[in-house]
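**Student:** predicted model, plus sequence, below.
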Amino acid sequence: MEPSKFDYSENFGRINGILMYKLFLKYWNNVEKFEARPDDLVVVTYPKSGTTWVSEILDLIYKEGDVEKCRKDAIFNRVPFLECNNEINMNGVKQLEDMNSPRIVKTHLPADLLPASFWDNNCKIIYLMRNAKDVAVSYYYFFKIVTIHPDPGSFPEFVEKFMEGEVPYGSWYNHTQTWWEKRKNPRVLILFYEDLKMDIRKEVIKIAQFLGKKLSEDLLDTIIKHTSFQEMKNNPSTNYTLVPSEIMNQEIVPFLRKGDIGDWKNHFTVALNEKFDVHYEQQMKGSTLKLRTEI
Ligand SMILES: Nc1ncnc2c1ncn2[C@@H]1O[C@H](COP(=O)(O)O)[C@@H](OP(=O)(O)O)[C@H]1O
Ligand SMILES: CCc1ccc(OS(=O)(=O)O)cc1
């Protein structure tokens with residue numbers, strides 16, 4: 001019998017029932033016992049929600065708008081990805097251990113899997129979320145370009161997997177709700193990709209206030225200009241072109257692909273959209289969390 005393209009067992013295992021890259025799981029012990037520092041800032045997202053965008057904004061705030069300093073190194077070195085480990089050239093825990101404070105830590109973990117020391121040290125945490133339909137589209141292309149993933153099949157086939165939570169980091173519905181439950185914690189700031197798209201100035205000011213920083217108008221202008229989709233797409237330190245093509249093949253589609261609200265409309269059929277909506281209502285029943293899927 002021909003093996004199913006959805007036989008993920010080669011690449012993925014599970015942590016607390018959540019699908020996860022096997023390579024990451026091999027070193028999970030180091031993630032669990034990771035020693036946070038009180039001045040760590042944690043940026044958390046479900047994959048494909050705008051992690052790179054908000055990371056660049058944060059690093060620019062930390063570097064007081066010094067664009068050239070930011071350009072000197074790739075975003076995945078300036079904001080290390082905690083649980084990432086490919087046994088060759090990626091080891092988030094090691095990168096962070098070797099880094100001077102203050103550190104910005106990237107993770108995709110749901111709230112209940114965040115290493116305890118971040119909570120114990122009362123670290124500030126920013127959780128950025130994006131509507132599920134656009135995340136599903138972005139994730140589909142990510143599966144195609146990052147070679148660690150199996151073939152995602154057709155878009156409707158991938159959406160089934162997404163709805164079941166059978167993708168790395170599990171169910172979007174569960175992930176967003178674990179963090180939404182933390183919204184009243186003053187050390188947690190919840191942001192929405194759609195808000196960043198609609199009024200970036202307002203959101204950068206909100207982020208700066210959360211960090212206890214006041215930005216001048218000039219600094220705000222610099223940050224907004226440098227983190228626009230076009231600027232980040234053309235910038236090797238943010239567009240992931242520094243990742244070897246054996247790991248990420250951007251000839252298929254660029255990492256900074258569209259950067260829009262509502263691209264899902266170009267991918268969902270009417271029938272798939274209706275099915276998704278019914279399932280969405282079931283999954284999010286009783287939740288006060290509301291996301292915009294269009295402008
Ligand atoms: N400056 C920016 N403005 C808008 N979207 C951005 C952006 N930088 C990255 N993105 C989008 O964020 C998504 C990647 O998220 P992450 O960094 O979490 O992996 C991609 O979405 P699309 O695939 O819809 O284009 C990417 O284009
Ligand atoms: C090890 C390759 C890999 C896999 C997944 C990644 O996730 S994300 O870019 O942060 O969404 C990154 C690298």
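**Tutor:** Okay, I see it. Numbers count the residues shown, from 1 in each chain. Ligands and ions are numbered 1, 2, ... in the order given.

**Student:** so which residue of the stretch 101-250 of the chain comes closest to ligand 2?
**Tutor:** Ile148 (4.8 Å; CB to the nearest ligand atom). (Glycine included, C-beta is placed from N, CA and C.)

**Student:** got phi/psi on the residue nearest to Cys123 when sequence neighbours are not counted?
**Tutor:** With sequence-adjacent residues excluded and distances taken as CB to CB, 6 or more residues apart in numbering, Cys123 is closest to Asp40, at 4.7 Å. Per-residue torsions, Asp40: phi -70, psi 140 (degrees, to the nearest 10).

**Student:** contacts only, for Asp40.
**Tutor:** Ser101, Pro102, Arg103, Ile104, Val105, Phe118, Asn121, Cys123, Lys124 (CB atoms under 8 Å, 6 or more residues apart in numbering).

**Student:** if we go to 7 Å?
**Tutor:** Counting by CB atoms under 7 Å, 6 or more residues apart in numbering, Asp40 touches Arg103, Val105, Phe118, Cys123.

**Student:** give me the distance between it and Lys26.
**Tutor:** Going from Asp40 to Lys26 by CB to CB, to the nearest Å gives 24 Å.

**Student:** cool, and Trp179?
**Tutor:** Note on Trp179: its distance to Lys26, by CB to CB, is 26 Å.

**Student:** ok, which residues in this structure are in contact with ligand 2?
**Tutor:** Pro47, Thr51, Phe81, Cys84, Asn86, Met90, Val146, Ile148 (CB under 6 Å from any ligand atom).

**Student:** for Lys133, what is the enclosing helix or strand?
**Tutor:** Applying DSSP states H and E as the criterion places Lys133 in helix 132-145.

**Student:** quick check, that helix touching ligand 1?
**Tutor:** Yes - judged by CB under 6 Å from any ligand atom, helix 132-145 and ligand 1 are in contact via Asp134, Ser138, Tyr141.

**Student:** hmm, Arg257 and the last one touching each other?
**Tutor:** So that's Tyr141. Yes - the pair Tyr141 / Arg257 is scored as a contact, 5.7 Å apart, by CB atoms under 7 Å.

**Student:** looking at those two, which one has more neighbours?
**Tutor:** For Tyr141 versus Arg257, the count of surrounding residues by other CB atoms under 10 Å is larger for Tyr141: 21 against 17.

**Student:** not counting its neighbours along the chain, what's nearest that one?
**Tutor:** Of all residues not flanking Tyr141 in the chain, Val253 sits nearest, at 4.9 Å (CB to CB, 6+ apart).

**Student:** this protein: strands as residue ranges?
**Tutor:** 12-15, 18-21, 41-45, 104-107, 124-129, 188-192 (DSSP state E).

**Student:** got the ones you listed as a markdown table, with mean pLDDT and mean neighbour count columns?
**Tutor:** Shown next, in a markdown table, are the strands of the chain (pLDDT from 0 to 100; neighbours: other CB atoms under 10 Å):
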| stretch | mean pLDDT | mean neighbour count |
| --- | --- | --- |
| strand 12-15 | 97 | 16 |
| strand 18-21 | 97 | 20 |
| strand 41-45 | 99 | 24 |
| strand 104-107 | 99 | 24 |
| strand 124-129 | 99 | 23 |
| strand 188-192 | 98 | 20 |
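
**Student:** how about the residues of the stretch 51-200 of the chain near ligand 1?
**Tutor:** Proximity of the stretch 51-200 of the chain to ligand 1, by CB under 6 Å from any ligand atom, involves residues Thr51, Thr52, Trp53, Asp134, Ser138, Tyr141.

**Student:** and the second one, what does it touch?
**Tutor:** Right, the one you point to is Thr52. By CB under 7 Å, 6+ apart, the residues touching Thr52 are Ile75, Thr238.

**Student:** same check on the one 4 residues further on?
**Tutor:** Going by CB under 7 Å, 6+ apart, Glu56 touches Ile75, Thr227, Met232, Thr238.

**Student:** run the last query once more with 10 Å
**Tutor:** Contact analysis of Glu56 by CB atoms under 10 Å, 6 or more residues apart in numbering lists Cys70, Ile75, Arg78, Val79, Ile223, His226, Thr227, Glu231, Met232, Asn235, Ser237, Thr238.

**Student:** can you check Gln282 too?
**Tutor:** Tyr173.

**Student:** next one, pLDDT for the residue nearest to Pro47 when sequence neighbours are not counted please.
**Tutor:** Among residues not flanking Pro47 along the chain, His108 sits closest, at 5.3 Å (CB to CB, 6+ apart). In this model, His108 is scored at 98, pLDDT.

**Student:** my read: His108 touches Lys48, true?
**Tutor:** Yes - His108 is in contact with Lys48 according to CB atoms under 10 Å; the separation is 9.4 Å.
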